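>>> model this:
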Amino acid sequence: MKRLPRWMRILLVVVALVVAAGLILPYFLDVDRYRTFIAASIESKTGRKVRIGKMRARLLPNAGFVVEDFGLSNPPGFPEGEVLAAEAVRGNLAWGSLLHREFRLSSVELVRPKLILLEDEHGQTNYGSSARVSSPAARANQKAAPKRAAEPVEVGRIELTDAEVTLGRLGPGARHARAMIPTVQARKIRAELSHIVLDPLRPKQWEADANLSGVVLELPGWKTPLTFRSGRLELRNGRLESEFRLSLGKAGEFKGTLRVADIERGMTAFDLSTAQLDADQLLTSRTESPPGPAQPASRSELVAQGHVVAEHLRWQPYTTNKGTAEVRIFTDRIELWPVTVELYGGTLQISARADRAQTPERFSSNVQVRNLNLGAMLAASSATRGKLSGTGELNLQLFGSLSDDWRKSLSGTGHFAVRNGRLPGINLAGVLESVAKLAGMSGETPFSLLQGDLSISQGRVASRLIHMDSPRGTVDLHGSCSLDGALDYDGEVVLAPDTASSGAPNPTQAIDAILGGVLKREGGRVAVPIAIRGTLQDPKFYPGRSAPRMESPSPAGQAQPQKGKSILDFLRRP
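The predicted model follows:
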């Protein structure tokens, strides 16, 4: 085996000695004695309290230091706490500055840091200023103190390893009583920042690159966090841009973009899209906000707005086609203006608002449905399949709270209409069977219009008048239905004299004969009171409390008396 040249052996020995010295000497250098001096120096420059744990020197691979525990407090005027805490800080010193007996940080690595970035009701932050003075006496002392130019703390590069960042705002109140209201919490962040000026923070000078894969984002009011599957984030010249893929539990997987034109202003624009969104899982992900003390209303400010697209929306057992939504997020509320969904041949449009300043959160919404194919929609469920067909429309205004017991809080008003439909299995003439014990006609009832008013309260949907026009007669009902589907309606069916089909028993004529013999009338219409009970899936028809009656036709040429028009009459199409 060929021996190494002598110069190479000497070089290897020297390298081994340097490495050994670099590994051993730091244990003999007592840099921990400078801890108090370093803390005092940082406090004098920043105006903040500093917590520094045990320190030790490091020579390899670069000259530097390791701090086992570090914390930087909030500035004056904010509640007690720390804006930054880290399990360890690894700093590297620039060799050039060391040669001139100066200590300049070339890079810093923060291991498992926690940043809590706060904003108060006046727009002041706990990271943008190093010395905020809250009381008049403190401000007077500051004016009396000699002026001294602040020296910025600059770092060439900062690495964040497994970082946790919390964004929040402070409610109004006394200095020590103000509670933090979190808006976003992000975990498992890995990022690299450069051109950093730490005091005061100058984010527009920063540059950053972050790998979003594995980052977890927690939002208030949601049990399921957002988990990033992939993506990158870039910060340049105060502008932040990102492309990513993320999942919200079982609700769906999204791809999207995010843009912040000016990170110091903080307004975020975003676009999200998904192939399928499961509305049931989305609602399950919501959680009721814990009750807390009432806080005075804070200023309302737009913090984010964006566009959301779902190619398919599933709400068991229904599936819709493309849905879109415009979302605006304020500090005190969330607005959707509007949500538009292609729904069984028609459209569903919802405009909604959720007020986050209340506990539990309150919401209001306007719902509009047009050209809905009711037969196709009800066919999606075995319980409602074949119960009703026609083209439906709905206008509804809803109010309630985003809580587990939302049904009790739900209230609202509106009206509906179904045109040119059929009621399979329900025969108006057959209703007389329960009164006259006659054989009713099987089949179905066609109708040209079915409409009514709606009033939602205490878990029930009530109607003062539901009216149906059919070639076989008319129906007028009043009553209510529970949100679980239990029916409680009373009303009257007025049957036309020609409701019978050829070759079948005619209950109308039989009732006509009975009542006509008593009342000495002929050729009238039969008015039969009815009651509807049971459920939406299995409605039950019963005779009403009053007796049937005859309505005689008006003589030819005689004008019919004009009935007073209700609001429903104006909603009917000519």
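
>>> wait, what's in contact with Ala379?
The neighbourhood of Ala379, defined by C-beta atoms under 8 Å, 6 or more residues apart in numbering, consists of Arg385, Gly386. No exception for glycine: its C-beta is placed from N, CA and C like everyone else's.

>>> Please report phi then psi for it.
phi -70, psi -20 (degrees, to the nearest 10).

>>> show me where pLDDT drops low in the stretch 451-574 of the chain?
497-524, 550-574 (pLDDT under 70).

>>> For it, which segments count as strands?
For the stretch 451-574 of the chain, the strands defined by DSSP state E, counting those that start in this stretch occupy 460-470, 473-482, 487-495, 525-534, 539-543, 549-551.

>>> Contacts for the helix or strand that contains Val309, please.
Val309 is part of strand 302-315 when elements are defined by DSSP states H and E. Here strand 302-315 makes contact (C-beta under 8 Å, 6+ apart) with 183, 252, 266-280, 319-331, 341.

>>> tell me the mean pLDDT for it?
Regarding strand 302-315, the rounded mean pLDDT is 91.

>>> After it, which helix or strand is next? Please name it.
Next in sequence after strand 302-315, counting helices and strands by DSSP H and E, comes strand 318-320.

>>> Show the subsequent helix or strand relative to that next one.
Later in the chain than strand 318-320, the nearest helix or strand by DSSP H and E is strand 323-330.

>>> From the rest of the structure, what touches that next one?
277, 300-310, 313, 334-342.

>>> for stretch 461-479, same thing?
Stretch 461-479 is contacted by residues 427-429, 445-456, 480-483, 487-496, 499, 525, 532, 566, 568 when judged by C-beta under 8 Å, 6+ apart.

>>> Weed out the non-buried ones from these.
Among these, those scoring as buried are 427-429, 445, 447, 449-454, 456, 480-481, 487, 489-496, 499, 525, 532, 568 (criterion: 16 or more other C-beta atoms under 10 Å).

>>> Which residue ranges of the stretch 351-500 of the chain form helices?
Taking DSSP state H, counting those that start in this stretch as the criterion, the stretch 351-500 of the chain carries its helices at 374-378, 406-409, 433-436.

>>> re the thing from before, export the strands of the stretch 451-574 of the chain as TSV, with columns for distance to Leu193.
Converted to TSV, those look like this (distance: least, C-beta to C-beta, whole Å):
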stretch	distance to Leu193
strand 460-470	56
strand 473-482	58
strand 487-495	64
strand 525-534	66
strand 539-543	66
strand 549-551	84
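
>>> Of those strands, which is nearest Phe399?
Of all the strands of the stretch 451-574 of the chain, strand 460-470 sits nearest to Phe399, with 14.1 Å by C-beta to C-beta.

>>> need the contact list for Gly53.
Neighbouring residues of Gly53 by C-beta under 8 Å, 6+ apart: Val67, Glu68, Asp69, Phe70.

>>> For it, give me the pLDDT.
pLDDT at Gly53 comes out at 89.

>>> Chain neighbours aside, what residue packs nearest to it?
Distances taken as C-beta to C-beta, 6 or more residues apart in numbering place Asp69 nearest to Gly53, at 2.9 Å, with adjacent residues excluded.

>>> In the stretch 1-150 of the chain, where is pLDDT below threshold?
Counting by pLDDT under 70, the stretch 1-150 of the chain shows low-confidence ranges at 1-31, 59-62, 94-105, 128-150.

>>> Now do the strands in it.
Here the stretch 1-150 of the chain has its strands, by DSSP E, counting those that start in this stretch, at 50-52, 55-58, 64-67, 70-73, 82-86, 88-93, 105-111, 114-119.

>>> So which bits of the last one are buried?
Translated: strand 114-119. Within strand 114-119, the residues that count as buried by 16+ other C-beta under 10 Å are Lys114, Leu115, Ile116, Leu117, Leu118, Glu119.

>>> Which single strand of this protein contains the most residues?
Scanning the chain for the strand with the most residues, using DSSP state E, yields strand 180-199.

>>> would you put the C-alpha positions of it in CSV?
What follows is strand 180-199, C-alpha atoms only, in CSV (Å, rounded to 0.1, in the frame of the first residue of the first chain):
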residue,chain,number,x,y,z
MET,A,180,-55.6,38.1,23.6
ILE,A,181,-58.1,37.0,20.8
PRO,A,182,-56.2,34.6,18.5
THR,A,183,-56.9,34.9,14.8
VAL,A,184,-54.4,32.4,13.3
GLN,A,185,-52.0,29.9,14.8
ALA,A,186,-49.5,28.1,12.6
ARG,A,187,-47.2,25.2,13.7
LYS,A,188,-44.3,23.2,12.2
ILE,A,189,-43.0,26.1,10.2
ARG,A,190,-39.5,25.8,8.6
ALA,A,191,-38.3,29.0,7.0
GLU,A,192,-35.2,31.0,6.1
LEU,A,193,-35.2,34.8,6.5
SER,A,194,-32.5,37.2,5.3
HIS,A,195,-31.7,41.0,5.4
ILE,A,196,-33.2,41.1,8.9
VAL,A,197,-33.4,44.2,11.1
LEU,A,198,-34.7,43.2,14.4
ASP,A,199,-35.3,46.4,16.3
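
>>> Show me what that strand is packed up against.
If contacts are counted by 3 or more C-beta pairs under 8 Å, 6 or more residues apart in numbering; DSSP states H and E, strand 180-199 sits against strand 153-170, strand 207-211, strand 216-218.

>>> From the buried residues of strand 114-119, pick the one nearest Leu536.
Glu119 (49.7 Å).

>>> Settle this for me: the closest one is touching Thr166, isn't it.
No: using C-beta atoms under 8 Å, Glu119 is not in contact with Thr166; the gap is 12.0 Å.

>>> circling back to that earlier point, quick check on the contacts of strand 323-330: which are buried?
With burial judged by 16+ other C-beta under 10 Å, the buried subset of the contacts of strand 323-330 is 277, 303-306, 308-310, 313, 334-336, 338-341.

>>> got the contact list for the residue nearest to Thr125 when sequence neighbours are not counted?
Counting by C-beta to C-beta, 6+ apart, Thr125 lies nearest to Glu119, which is 5.0 Å off, once chain neighbours are set aside. With contact taken as C-beta under 8 Å, 6+ apart, Glu119 is in contact with Thr125, Asn126, Gly168, Arg169, Leu170.
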